[in-house]
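How does the following fold in three dimensions:
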Amino acid sequence: MSVSVRFDYLQGVCLVDYESEIKIILDSVCELLPIGDSWSLLNRSLFLGELFTSAFCSIRGKLYGGFRRQGTGYKILLQIPGSYWSQLESINYLPLIEQLTDYGFHFTRVDIALDDYHRRIDFESVKKVGEVGHYTLVSTYKCVESSLIRGESPIPTCYFGSSDKILRFYNAEVVHGIEADRWELQLRGDHAQSVICDYLQDQNCLGEFVTGAVDFGVLSGESWDSFKRFDWWESLRVEVGGAKKIQLPTFNPCFEKSLKWLYAQVAPTLAVAYSGYGQDGFNQLINDLVNVGNGRLKMYHHQWINELKKEH
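Next comes the predicted model:
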């Protein structure tokens with residue numbers, strides 16, 4: 001075996017009606033581990049984009065997250081790190097995903113680890129590829145050095161892409177004690193949910209998403225038809241069975257969704273501005289925001305305006 005592919009992180013949220021359902025969900029995730037595990041509540045809250053008033057963690061640290069009251073029920077945030085997936089038998093990947101899907105989880109982050117034991121390209125070469133821009137399907141590259149242990153030498157990692165899709169490359173032997181180089185794909189939002197939906201239909205697709213996230217090569221002419229893929233990347237693509245691009249849902253602009261986002265994400269900032277600036281300063285801020293927005297309106301925004309005028 002020259003490559004291996006597995007999930008390395010999973011994060012999702014779901015709504016349940018009763019607190020007893022939280023225990024059922026967490027117990028079932030713990031029970032899938034061959035070494036066994038259990039969980040307990042922590043004496044603190046959890047903030048991850050939003051506040052969860054209760055936090056939990058498994059005894060072995062194989063899962064963690066939080067929950068809070070929402071309406072008449074509860075909202076759960078569940079995070080399953082690489083330490084869980086590394087010990088979970090691969091035949092249980094699908095039952096776990098199916099189980100969480102049945103509970104109603106919406107997946108907000110998915111990491112996929114592809115370990116290349118053949119080590120077909122060295123780190124400095126990948127770093128050079130990023131620096132000279134011999135890649136496509138993402139627009140950004142950076143190399144970051146960080147120390148996992150204080151006092152130890154920093155470990156470099158190449159990052160291709162940003163935000164909802166990032167492909168990382170680093171020496172897995174230094175970080176995880178695995179004699180391989182790791183290509184690690186991190187997905188958020190619709191990218192994460194789309195991959196899970198595809199995985200439920202085809203359990204062999206994970207490696208293809210890693211090799212389909214970025215393409216490495218050079219243009220021999222002015223058109224993309226002249227793109228020449230590097231042999232080492234083509235070799236890895238063949239090894240995992242090909243390459244697959246993530247199919248995102250068609251963008252369907254909706255005023256109601258934008259308004260919901262405004263209440264969920266922007267309302268606290270506006271409340272701070274109102275309290276800090278006072279009524280006059282706050283009014284000026286709103287006027288400035290509207291003026292900026294008017295200069296960025298698109299066709300569908302004008303359609304929303306016309307619809308709202310008809311309603312009122």
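
Remind me what the longest helix seen in the chain packs against, helices and strands.
Secondary structure of the chain per DSSP state H: the longest helix is helix 267-294. Using 3 or more CB pairs under 8 Å, 6 or more residues apart in numbering; DSSP states H and E, no helix or strand is in contact with helix 267-294. Heads up, the C-betas are built off the backbone N, CA and C, glycines and all.

where in the stretch 51-200 of the chain is pLDDT low?
148-151 (pLDDT under 70).

try 90 this time
Scanning the stretch 51-200 of the chain for pLDDT under 90 picks out 59-63, 71, 83, 86-90, 146-155, 163, 174-176.

Okay, helices next: where are they in it?
82-85, 93-103, 123-132, 172-176, 189-201 (DSSP state H, counting those that start in this stretch).

ranking these by burial, who's on top?
The highest average neighbour count among the helices of the stretch 51-200 of the chain, using mean count of other CB atoms under 10 Å, belongs to helix 82-85 at a mean of 20.

Tell me which residues are up against that helix.
Residues from elsewhere that reach helix 82-85 (CB atoms under 8 Å, 6 or more residues apart in numbering): 6-10, 33, 60-63, 93, 111, 113.

Skip the chain neighbours and tell me the closest residue to residue 245.
Closest residue to residue 245 apart from its sequence neighbours, by CB to CB, 6 or more residues apart in numbering: residue 212 at 4.9 Å.

quick check: mean pLDDT across the helix or strand where the one you found lies?
In this structure, residue 212 sits in helix 206-213 according to DSSP states H and E. Mean pLDDT, helix 206-213: 97.

so after that helix, what's the next helix or strand?
Helix 206-213 is succeeded, C-terminally, by strand 215-219 (DSSP H and E).

Pairing partners for that next one, with directions?
strand 135-136 (antiparallel), strand 227-229 (antiparallel) (DSSP bridges).

follow-up on the earlier one: which strands and helices sit next to the helix holding residue 212?
strand 3-16, strand 106-116, strand 165-171, strand 181-188, helix 189-201, helix 231-240.

Can you list the buried residues in the longest helix of the chain?
For helix 267-294, the neighbour count (16 or more other CB atoms under 10 Å) marks residue 282 as buried.

Which SSE is immediately downstream of that helix?
Taking DSSP H and E, what comes next after helix 267-294 is helix 299-311.

Send me that next one as PDB with only the CA atoms.
In PDB, the C-alpha atoms belonging to helix 299-311 read as follows (Å, rounded to 0.1, in the frame of the first residue of the first chain):
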ATOM      1  CA  MET A 299     -29.600  42.600 -10.700                       C
ATOM      2  CA  TYR A 300     -31.100  40.200  -8.200                       C
ATOM      3  CA  HIS A 301     -30.900  42.900  -5.500                       C
ATOM      4  CA  HIS A 302     -33.000  45.200  -7.700                       C
ATOM      5  CA  GLN A 303     -35.500  42.300  -8.200                       C
ATOM      6  CA  TRP A 304     -35.800  42.000  -4.400                       C
ATOM      7  CA  ILE A 305     -36.500  45.700  -4.200                       C
ATOM      8  CA  ASN A 306     -39.300  45.500  -6.700                       C
ATOM      9  CA  GLU A 307     -40.800  42.500  -5.000                       C
ATOM     10  CA  LEU A 308     -40.700  44.300  -1.600                       C
ATOM     11  CA  LYS A 309     -42.300  47.400  -3.000                       C
ATOM     12  CA  LYS A 310     -45.200  45.300  -4.400                       C
ATOM     13  CA  GLU A 311     -45.700  43.800  -1.000                       C
END
